[in-house]
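> after the sequence you'll find the predicted model.
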Amino acid sequence: MEQFSYRVTDPAGIHARPAGLIVKEAAKFKSDIKIKANGKEADAKKIFAGMSLGIRSGDEMTITAEGSDEAEAKNALAAVIGEHL
């Protein structure tokens with residue numbers, strides 16, 4: 001299992017646009033990818049699941065990837081999240 005944590009700096013937090021970017025990137029991989037924040041967990045490949053976590057600016061979220069391409073998934077998601085959030 002690969003994972004990383006990120007503190008959200010986008011003033012709007014996780015809303016439709018960044019959630020869509022995360023889903024689009026996560027969908028490229030076979031691994032099971034989860035977002036954890038605020039004591040909840042969601043499937044990173046489902047937009048409404050990610051938005052339901054209520055992640056705001058300043059919140060820390062953890063992305064975990066488990067599967068055959070977990071390292072690549074972690075690196076790709078870290079790049080997308082770092083660039084857009």
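Cool, got the structure. These numbers were taken from a predicted model, which means no experiment stands behind them. Numbers count the residues shown, from 1 in each chain.
> looking at the protein, which helix or strand does the model trust least?
helix 47-51 (a mean of 92; mean pLDDT, DSSP states H and E).
> next helix or strand past that helix?
strand 60-66 (DSSP states H and E).
> quick one: buried residues of that next one?
Met61, Ile63, Thr64, Ala65 (16 or more other Cβ atoms under 10 Å). For every residue, glycine as well, the C-beta is placed using N, CA and C.
> again, but for stretch 71-85
Ala73, Lys74, Ala76, Leu77, Val80, Ile81, Leu85.
> using PDB, list the CA coordinates for it.
In PDB, the C-alpha atoms belonging to stretch 71-85 read as follows (Å, rounded to 0.1, in the frame of the first residue of the first chain):
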ATOM      1  CA  ALA A  71       3.200   3.500  -6.800                       C
ATOM      2  CA  GLU A  72       2.300   5.100 -10.100                       C
ATOM      3  CA  ALA A  73      -1.100   6.000  -8.800                       C
ATOM      4  CA  LYS A  74       0.300   7.700  -5.700                       C
ATOM      5  CA  ASN A  75       2.800   9.700  -7.700                       C
ATOM      6  CA  ALA A  76       0.300  10.800 -10.400                       C
ATOM      7  CA  LEU A  77      -2.300  11.800  -7.700                       C
ATOM      8  CA  ALA A  78       0.300  13.600  -5.700                       C
ATOM      9  CA  ALA A  79       1.200  15.700  -8.800                       C
ATOM     10  CA  VAL A  80      -2.400  16.500  -9.600                       C
ATOM     11  CA  ILE A  81      -3.300  17.400  -6.100                       C
ATOM     12  CA  GLY A  82      -0.200  19.500  -5.500                       C
ATOM     13  CA  GLU A  83      -0.800  21.400  -8.700                       C
ATOM     14  CA  HIS A  84      -4.600  22.100  -8.200                       C
ATOM     15  CA  LEU A  85      -5.300  22.100  -4.500                       C
END
